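In: Sequence and predicted structure below; questions after.
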Amino acid sequence: MKIIFSLMICSTIFISACSSTQRAYQQNVKLYFSTKNDIELSQKDVVESPIDLIYIKSGERPYATMALGFIENNQYKWVSADDAMLVTQNGRLVRTLGLLGKNLVHVNDLTDDPLISKSDVDVSATWYREIDLNNDHYGIKLTSSFSVEKNVPLNILNQQFVSSKVIENVKSEGLLSRSDTWQNLFWYHAETGQLLRSSQQFSVDSERYEIQYVSRAMRLVGDSNE
């Protein structure tokens, strides 16, 4: 069971000149996927993994596992067993490669993204940016506003957490002057501010990506038991 990705070899585009540390990490990722046949991971599997893992659900497909390839310039590069890649910055999808269908090529103005403040996001902030997609759709204008819900229960791998949920209302002004809206959601651990889950789409007609940061969550469980 996994997300249906194209078999495009994407990692070379991102990793053409990586450091020895990054190369070593990539080898760990390859080794991890070579020994796993199922994405149904136990808490023990996640805790003992030498690399950070996420669960991701795309559209109506079942959850799949992706692993952290490396971190570069505050961007987390997550790879799948079939070489698809998601890039996140401050928890937001900022680039995708090797996905079947639309791929996100570029997001501008990331330094002004209110998610930099995590759950302390300025609810009065409005964020304007443009995105480019791979199918000749460039300069799509997006506008976001934000709100926060406190003390929201969250379940990850049968572990209970208290979170602050950031609700991002996104409006798209793009193709044929059509206006569309949707919501992106981000759940932050109430005590530490770490992002534990997100539900987001990068354009009005992209698939929705549900992401659970299972390694991050299990570390919090371990810390609370010490």
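Out: Noted; the coordinates are in hand.

In: quick one: the helices in the chain?
Out: 11-14, 20-34, 43-48, 214-225 (DSSP state H).

In: what's next to the last one, contact-wise?
Out: To tie it back to what came earlier, the one meant is helix 214-225. 41, 43, 46-47, 49, 51-55, 156-157, 159, 161, 189, 192, 194-196 (CB atoms under 8 Å, 6 or more residues apart in numbering). Where you see a C-beta, it was placed from the backbone N, CA and C, and this is true even at glycine.

In: List the buried residues of that helix.
Out: Val214, Ser215, Arg216, Ala217, Met218, Arg219, Leu220, Val221 (16 or more other CB atoms under 10 Å).

In: pLDDT score for Asn151?
Out: Turning to Asn151, the model gives it a pLDDT of 98.

In: I'd like to know how far it sits from His189.
Out: From Asn151 across to His189, the span is 12 Å (CB to CB, to the nearest Å).

In: joint contacts of these two?
Out: Contacts common to Asn151 and His189, judged by CB under 8 Å, 6+ apart, are Val162.

In: Next, the contact list for the spatially closest residue to Arg95 that is not a sequence neighbour, please.
Out: Of all residues not flanking Arg95 in the chain, Val87 sits nearest, at 4.0 Å (CB to CB, 6 or more residues apart in numbering). Shown in contact with Val87 (CB under 8 Å, 6+ apart): Phe14, Gln75, Tyr76, Lys77, Trp78, Leu93, Val94, Arg95, Thr96, Leu97.

In: next one: Gly193
Out: Lys118, Ser119, Asp120.

In: residues in contact with the second one?
Out: Ser119 makes contact with Val148, Ser164, Val166, Phe186, Tyr188, Ala190, Gly193 under the criterion CB under 8 Å, 6+ apart.

In: and the fifth one, how many neighbours?
Out: Here the number of neighbours of Tyr188 (other CB atoms under 10 Å) works out to 26.

In: and it, how far is that from Val121?
Out: Taking CB to CB, one finds Tyr188 at 9 Å from Val121.

In: list the residues that contact both of the two?
Out: The contact lists of Tyr188 and Val121 share Val166, where a contact means CB under 8 Å, 6+ apart.

In: Mind listing what's buried along the top strand by length along the chain?
Out: The longest strand of the chain (DSSP state E) is strand 140-156. Buried residues in strand 140-156, counted by 16+ other CB under 10 Å: Ile140, Leu142, Ser144, Phe146, Val148, Leu154, Ile156.

In: Next, count neighbours for Pro62.
Out: 12.

In: confidence score at it?
Out: The model's pLDDT for Pro62 equals 78.

In: follow-up on the earlier one: out of the buried residues of strand 140-156, flag the one nearest to Asn103.
Out: Ile140 (13.4 Å; CB to CB).
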